[in-house]
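In: here is the input, now give the coordinates:
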Amino acid sequence: MKVRVAQSYGFCFGVKRAMDLVLQLANQENRKKIFTDGPLIHNPQALQVLRDQGVVPLSEAAGEKIEGTIVIRSHGVSPQRLEELKKTGARILDATCPKVKQVQSIIAQYAQKGFYVIIIGDPEHAEVRGLLGFAGGKSQVIQSEEDLNQIPPAQKLCVVAQTTQNREKFLELKEKIEKRFSAVEIFDTICETNRKRQEELKYLCHTVEAIVVIGGKESGNTRRLVEIARAEGVSTFFGETAEDLNFDQLKHYNEIGVFGGASTPDWVIEKIVDQLTQLTGQS
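Out: Prediction:
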């Protein structure tokens, strides 16, 4: 068996930056408690590393006086949520991804100009919920062409994308929006690193017999990678850890590609690669 590992695996810049900031703070002497506003990263193994350092989600502090530091994760938060966090009296450490901050700025700027903001993305994703708060109530999240029918008529539109959005879906909806609406400003705000990862995955799909995508089950980014691989027509396996994978099935493939989500730690990917490599000669 030949195992091909994607070049761009492991944490993306935004996730790595957030993890580094929190771990640096956790390693300081005499530091107070550290809370994150939601899971810092959508990966159970990485969250356990943080928990071992005493870093826990704010939701686990119910009824407890909040002291120390609250970390805003890479997804960012709305202005309203930021004010709520400040009222706790805790120190705020903003680990919002710089790319997400750019999208927040675009939305705020165009909302002030009277534009109706359209976000192409997942309405339940933390990043998107935060972005909506910068639009002043004049906004909508869309996922399909049918959603365009809900956009109020005679509006100037500002269109952005969730930074981890599937690029093909974004381009498809961009084209339909341009055909249907005249006063439109469209910004391709998909993260460049994310775009390159999607392109690399598509290429990898055509060089192997099967793809193994490794990442958290709650990670939207990882789920989109699975969707892309399946759309390319290659046998696709998905798991958080080695325990989630069917190695009895995998050992029958001659060439397997391994791809990790943007929130998947290197060591999780490397462990699975080692196990796949050991299957050589067993099929």
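In: need phi/psi at the most centrally placed residue in the chain.
Out: Central residue of the chain (C-alpha atoms, centre = their mean): residue 221, 4.4 Å from the mean position. Dihedral angles of residue 221 (phi, psi; degrees, to the nearest 10) stand at phi -60, psi -50.
In: kindly report the same for residue 237.
Out: According to degrees, to the nearest 10, residue 237 has phi -120, psi 140.
In: could you give the bridge partners of it?
Out: residue 212 (DSSP bridges).
In: that one contacts residue 245, correct?
Out: Yes. Taking contacts as C-beta atoms under 8 Å, residue 237 lies within contact range of residue 245: 5.8 Å. To be clear about C-beta, it is placed using only N, CA and C from the backbone, and glycine gets the same treatment.
In: find the residues that touch each one of these two.
Out: residue 212 (C-beta atoms under 8 Å, 6 or more residues apart in numbering).
In: quick one: the helices in the stretch 101-250 of the chain?
Out: For the stretch 101-250 of the chain, applying DSSP state H, counting those that start in this stretch gives helices covering 126-132, 167-180, 192-205, 220-231, 247-250.
In: point out the most buried one among these.
Out: Highest mean neighbour count among the helices of the stretch 101-250 of the chain (mean count of other C-beta atoms under 10 Å): helix 126-132, with a mean of 23.
In: dump the residue contacts of residue 191.
Out: 12, 14, 97, 99, 163, 164.
In: just to be sure, the second one is in a strand?
Out: Just to be clear, that refers to residue 14. No. Applying DSSP: H, G, I helix; E, B strand; the rest coil, one finds residue 14 to be helix, outside a strand.
In: okay, residue 63: pLDDT?
Out: Note on residue 63: pLDDT of 69.
In: sorry, slip of the keys, the one I care about is residue 272.
Out: 92.
In: for it, give its distance to residue 237.
Out: Distance, residue 272 to residue 237, using C-beta to C-beta, to the nearest Å: 10 Å.
In: repeat for residue 206
Out: From residue 206 across to residue 237, the span is 17 Å (C-beta to C-beta).
In: which one of those two has more residues nearby?
Out: residue 237 (20 against 10; other C-beta atoms under 10 Å).
In: in contact with that one, which residues?
Out: Counting by C-beta under 8 Å, 6+ apart, residue 237 has contacts 210, 211, 212, 213, 245, 246, 249, 250.
In: and the residues you listed, which are buried?
Out: Buried subset of the contacts of residue 237 (neighbour count, 16 or more other C-beta atoms under 10 Å): 210, 211, 212, 213, 245, 250.
In: measure residue 174 to residue 97 for me?
Out: 22 Å.
In: repeat that for residue 252.
Out: Distance from residue 252 to residue 97, counting by C-beta to C-beta: 40 Å.
In: okay, those two: which has more neighbours?
Out: residue 97 (22 against 12).
In: pLDDT at that one, what is it?
Out: On pLDDT, residue 97 comes in at 96.
In: I figured it hits residue 104, correct?
Out: No. Counting by C-beta under 8 Å, residue 97 stays clear of residue 104, with 10.2 Å between them.
In: what is in contact with these two at once?
Out: Common neighbours of residue 97 and residue 104, using C-beta under 8 Å, 6+ apart, are residue 76.
In: circling back to that earlier point, mutual contacts of residue 272 and residue 237, please.
Out: 212, 245.
In: phi, psi of residue 74?
Out: phi -60, psi -20.
In: residue contacts, it?
Out: Contacts here follow C-beta under 8 Å, 6+ apart; on that basis residue 74 touches 14, 15, 17, 18, 40, 41, 95, 96, 97, 100.
In: ditto for residue 97
Out: Counting by C-beta under 8 Å, 6+ apart, residue 97 has contacts 13, 14, 15, 17, 18, 74, 75, 76, 163, 191.
In: show me which of those are buried.
Out: Neighbour-count burial (16+ other C-beta under 10 Å) is assigned, among the contacts of residue 97, to 14, 15, 17, 18, 74, 75, 76, 163, 191.
In: how about the contacts of residue 191 in CSV, adding distance to residue 135?
Out: CSV is the format used below for the contacts of residue 191 (distance: C-beta to C-beta, whole Å):
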residue, distance to residue 135
12, 25
14, 21
97, 19
99, 18
163, 16
164, 19
